[in-house]
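> Predicted structure and sequence below. I'll ask about it afterward.
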Amino acid sequence: MKYFHLIWAALFRRKTRTILTIISIVAAFLLFGMLDAVRTSFDQAGQSANGARRLQTGSKLSFIQTLPQGLGSQIEHVTGVKSVAYANWFGGAYQDPHNQIFSFAVSDNYLDQYPEVEVSEATRKTFDSTQTGIIVGQMLADKYHWKVGDQIPLQSTIFPQRDGSKNWKFDIVGVMHAKDKSAGWYDQVILMHWKYFDEATPYNGGTVGWYVVSVNDANQADKVAKAIDALSANSDHETRTQTEAAASASWMKQLADIGLIVGSIMGAVFFTLLLLTGNTMMQAVRERTSELAVLKTIGFTNRAVLAMVLAESLLLVVIGGLIGIGLAALLIPGVSAGSGGLLNLPTVGLASWLLGIGLMLAIGLVVGMVPAWRAMRLNIVDALAGR
Amino acid sequence: MNFLFNLGLVVVLAILLAAWVVLPWQAVLVLVLVFACWMLFTRRGRQAGSVTMVGVSTLRQRLGSSSVVIIGIAGVVGVLVALLAMGEGYAETLRKTGSADTAIVMRGGSASEVMSVMDRDSVVVVPQAPGIARDAQGKPIASPEIVVAANLPVKGGGPDDEGSVQLRGVSDEAWAVRPNLKIIAGRKFTPGMRELVVGQGAQHQFAGLEPGHEITLGNQVWTVVGVFASNDALDSEIWGDADTVASTYRRGSSRASVTVKLTSPQAYDAFKTALASDPRLKVDTDTTVDYFSKQSEGMSKVMRIMGITVGAIMAIGAIFGALNTMFAAVATRAREIATLRAIGFRGVPVVVAIMLETMLLALIGGLLGGLIAWLIFNGYTASTMAAGTVGQLTFAFKVSPELLWQGLKWALAIGFVGGLFPAVRAARLPVTTALREL
């Protein structure tokens, strides 16, 4: 540590070069921070303690196939099941049929299954007593400037009402807000009463899209899931039950192999960065040959010189890297807000920071290795003579 | 003063870059020609040429640092082109699906086929509209179809790893409205049997879709009897007999859509008007080419934005890498450049020479990056959950000449910026100071 000043001085010996290199490193780690946030947001979906306690039961045939409502009471009697809620896809669109909004018709106890979604007691009360009431996600309310008490038209792209019209009218009774990032997409969801929905459209006929089952013990989840599927085995409505975490993971995987995309981009970026920083360090050591020889002459050991050059390259990468990831952490909320709900990125988490710092150290070491080795092997006489 | 000069340079640069991005290739060609004439026919130009030759001939001695510029820019261009090729391939697959002389009719207000339900009466009425082509027997070529999702095990996944595929129930006319669709293995399904033909994309994606194999949909066993190829979005689907699919999925006699073959693209307007004015129907009509292009809009925009954002951040990194290298190159050649200026070479040839050298490196980098992207990613297949469908859509990356050109433009822009500042510094450094340096 006592040589820190010396290393610092060596690093900023050529200010322009060091600063230019640092900016390149900042750009690389900025990209890393942002892409890693995208990756984690995909990975995290449904991965929470609450998610592990919830099972989703849907039709085995496909996710668009519905299940009979009577199945719910059968599921309730399965050992290990705490409570059962259900929901149906409404297929709502606002203003334009292509502007689709996640909207579900849900049972009265649906929100009880999601303790991480914050809804005030008063809102729940009004919701229960308003037939055409809906609860909207915070982000949707902000985006469309909806207020509690507004009546909004929603088009269902799937279900017409009894008179054949697909324009539904709903009253906003409250706003919900996700307390936990893993439930973040409830900020962009509209919930309505399943009972009202089922009565108002002739097409549903008392069916349910999927059941949300919470279990007493997360460790028993797989056993309970099997028991639930056994209820309807060999019937015309066989079910498939998964934990919420497994279900979201399989959805995300179908959407895109984000891990692979992020991995290959970062591979290309860091490969380029290695060369770039490596080149800077080589230049730095080459032009300091005589200074290093002087250091050795006044008694610095070979090992000390090796360590100092390594420390210099580590310092270079770490400074750039920390600024880069820090910048990413600052920019991400802005990107999420700017995308209008399209992207909902978590801020740079501890895991990303650690991974980033690990990468910085690795890159710093790899990059510093050759110049440091060369500095260590430097022959004083040759170096001073300029040979 | 110096600061103001640099600030002015940055502003000019920003304007130039903005203009460069929208410049069509013809204009670029003209620019190159004008520049070549200047190089050949003016005194300054010839001076610039000879200084450039000196710089380029010493490139070999600076191989290490020059390759940093090349590889840095190759990285940017490679990633940019690959990401844009992904969006392009996706949009292209959906754009190719459908044609101007086939129309798709769905229930009004349905965003996509899978959300549409048309009752038996509508399905019977639609083919009576004018403008529909007729087959040899004089029957209108109209194909009522049902679209549902099926869960199938993913190829190479675990036992519980299921993906969703779009299952289309069709009748004989489905082949007539899509003449580009060919059976490449096995045979067509027999109506009334639980038999399936699968698209080659779906076959690639899901396990067990080989002719002769049996798969379970729900609690029923279906036999795969053939494979078809259409080289568009339909490749990701599996097809069965409409009535059999409808009974499996308890859809009764309803259908999702009716696709019709029109006598000509011009007949579309009359066809649409006829359906719209029919009081028995509440339907939306679109040509199939429009329908599929609309489905791809949102997703390809997202992919494009992602590509450009990642590319821009990488480009910033690469610009500073190039700046670094070129500042170093100018510094090592400071005395040589000062000598040139002392014997009468003006500033402009020096600036041009250094810029040309950087742009040359950038050009090599851009070509290299484009080549790598083309070699690895052209035709690379990926799949995603497409908007408006309920199955995975398999598509191939498409590294088109336009994308390569765009990548090259980025590379040259990076080289331009990376070379400009070092060049200006070299030209503005007082000759005496430079000669005394080193």
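Happy to help now that I have it.
> and the residue nearest to residue B:173 when sequence neighbours are not counted, which of the three is it?
The shortest distance from residue B:173 to any non-neighbouring residue, by CB to CB, 6 or more residues apart in numbering or on different chains, is to residue B:143 (3.9 Å). For glycine as for every other residue, the C-beta is placed from the backbone atoms N, C-alpha and C. Under DSSP: H, G, I helix; E, B strand; the rest coil, residue B:143 falls in the strand class.
> show me the contacts for residue B:143.
Residues counted as contacts of residue B:143 (CB atoms under 8 Å, 6 or more residues apart in numbering or on different chains) are B:170, B:171, B:173, B:174, B:176, B:177, B:258, B:259, B:260.
> most centrally placed residue in the chain?
As the question left the chain open, I've gone with chain A. Central residue of chain A (CA atoms, centre = their mean): residue A:41, 0.8 Å from the mean position.
> think we crossed wires, I meant chain B
The structure's chain B has its C-alpha centroid closest to residue B:88; by CA atoms, centre = their mean the separation is 1.2 Å.
> Tell me, how many residues neighbour the closest residue to chain B within the stretch 251-387 of chain A?
The nearest approach of the stretch 251-387 of chain A to chain B comes at residue A:272, 3.9 Å away (CB to the nearest CB). Neighbour count of residue A:272, defined by other CB atoms under 10 Å in any protein chain shown: 25.
> The stretch 51-200 of chain A against chain B: which residues are in contact?
A:59-65, A:91, A:93, A:97-98, A:100, A:155-158, A:164, A:166 (CB under 8 Å from any CB of the partner chain).
> Okay, and which of these map to helices?
Within those, no residue falls in helices by DSSP state H.
> Now do stretch A:194-208: distance from first to last residue.
9 Å (CA to CA, to the nearest Å).
> before we move on, the earlier item: of the contacts of residue B:143, buried ones?
B:170, B:171, B:173, B:174, B:176, B:177, B:258, B:259, B:260 (16 or more other CB atoms under 10 Å in any protein chain shown).
> Can you show me the helices along chain A?
A:4-11, A:15-44, A:49-52, A:71-76, A:121-129, A:138-144, A:194-200, A:221-231, A:244-255, A:258-287, A:289-297, A:302-338, A:350-377, A:380-385.
> Least confident of these, on average?
For these, the weakest mean pLDDT is recorded on helix A:49-52, namely a mean of 73.
> residues making contact with it?
A:114, A:115, A:116, A:180, A:182, A:183, A:218, A:221, A:243, A:244, A:245, A:248.
> What about the residue in the stretch 51-200 of chain A that chain B sits nearest to, how many residues nearby?
Residue of the stretch 51-200 of chain A nearest chain B, by CB to the nearest CB: residue A:62 (3.6 Å). Applying other CB under 10 Å, we find 24 residues neighbouring residue A:62.
> Quick check: which element contains the residue nearest to it when sequence neighbours are not counted?
Using CB to CB, 6+ apart and skipping the chain neighbours, the partner closest in space to residue A:62 is residue B:149 (3.6 Å). Using DSSP states H and E, residue B:149 sits within strand B:142-153.
> Can you tell me the strand partners of that strand and which way each runs?
Sheet partners assigned to strand B:142-153 using DSSP bridges are listed as strand B:162-170 (antiparallel), strand B:257-261 (antiparallel).
> Could you identify which of these is most buried?
For these, the largest average neighbour count (mean count of other CB atoms under 10 Å in any protein chain shown) is found in strand B:257-261, namely a mean of 26.
> so how far is that one off the chain centroid?
Mean-position distance between strand B:257-261 and its chain equals 28 Å (CA atoms, centre = their mean, to the nearest Å).
> before we move on, what about stretch B:315-324?
For stretch B:315-324, the distance to the chain centre is 26 Å (CA atoms, centre = their mean).
> quick one: contacts of that stretch?
Contacts for stretch B:315-324 (CB under 8 Å, 6+ apart): A:17, A:20-21, A:23-28, A:31, A:269, A:272-273, A:276, A:279-280, B:68-69, B:72-73, B:75-76, B:80, B:358, B:361-362, B:410, B:413-415, B:417-419, B:421-422.
> Quick check: bridge partners of the residue nearest to residue B:173?
Counting by DSSP bridges, the residues bridging with residue B:143 are residue B:259.
> how about the residue lying closest to residue A:21 once chain neighbours are set aside, what does it touch?
Closest residue to residue A:21 in three dimensions, ignoring its sequence neighbours and counting by CB to CB, 6+ apart: residue A:280, at 4.5 Å. Residue A:280 makes contact with A:17, A:18, A:21, A:316, B:324, according to CB under 8 Å, 6+ apart.
> The first one touches residue B:329, doesn't it?
No. Counting by CB atoms under 8 Å, residue A:17 does not reach residue B:329; the two are 11.9 Å apart.
> Neighbour count for the two, which is higher?
More crowded of residue A:17 and residue B:329, by other CB under 10 Å: residue B:329, with 24 against 20.
> hang on, isn't residue B:92 packed against residue B:399?
No. Using CB under 8 Å, residue B:92 makes no contact with residue B:399, being 11.2 Å away.
> the more surrounded of these two?
residue B:399 (25 against 19).
> Now name the helix or strand holding that one.
Counting by DSSP H and E, residue B:399 is found in no helix or strand.
> what about it, distance to residue A:352?
According to CB to CB, to the nearest Å, residue B:399 stands 31 Å off from residue A:352.
> try residue B:176
Residue B:176 sits 55 Å away from residue A:352, going by CB to CB.
> ok so, going back, pLDDT score for the residue nearest to residue B:173?
Taking residue B:143 on its own, its pLDDT is 90.
> Pull up the gap between it and residue B:102, please.
9 Å.
> ok so, going back, which phi and psi does the residue nearest to the centre of chain B have?
Here is the backbone geometry of residue B:88 (degrees, to the nearest 10): phi -60, psi -40.
> List the residues that contact it.
Residue B:88 neighbours (CB under 8 Å, 6+ apart): B:300, B:397, B:398, B:400, B:403.
> can you do 10 Å?
B:81, B:95, B:300, B:303-304, B:307, B:395, B:397-400, B:402-403 (CB atoms under 10 Å, 6 or more residues apart in numbering or on different chains).
> Now do the buried residues in the helix or strand hosting residue B:426.
Counting by DSSP H and E, the secondary-structure element that holds residue B:426 is helix B:401-428. The neighbour-count criterion (16+ other CB under 10 Å) identifies B:403-427 as the buried residues of helix B:401-428.
> ok, the residue of the stretch 51-200 of chain A closest to chain B touching residue B:148?
Yes. Between residue A:62 and residue B:148 there is a contact at 6.2 Å, judged by CB atoms under 10 Å.
> how many neighbours does residue B:274 have?
Residue B:274 has 17 nearby residues by other CB under 10 Å.
> pretty sure residue B:377 is in contact with residue A:261, am I right?
No. With contact defined as CB under 10 Å, residue B:377 does not count as touching residue A:261 (11.5 Å).
> list the residues that contact both of these two?
Residues touching both residue B:377 and residue A:261 (CB under 10 Å, 6+ apart): B:82, B:83, B:86.
> Enumerate the residues of the stretch 1-150 of chain B near chain A.
Residues of the stretch 1-150 of chain B lying close to chain A (CB under 10 Å from any CB of the partner chain) are B:64-76, B:78-79, B:82-83, B:86, B:107-112, B:114-117, B:147-150.
> Quick one, which of these are buried?
Here, 16+ other CB under 10 Å leaves B:65-76, B:78-79, B:82-83, B:86, B:107-112, B:114-117, B:147-150 buried among the residues of the stretch 1-150 of chain B next to chain A.
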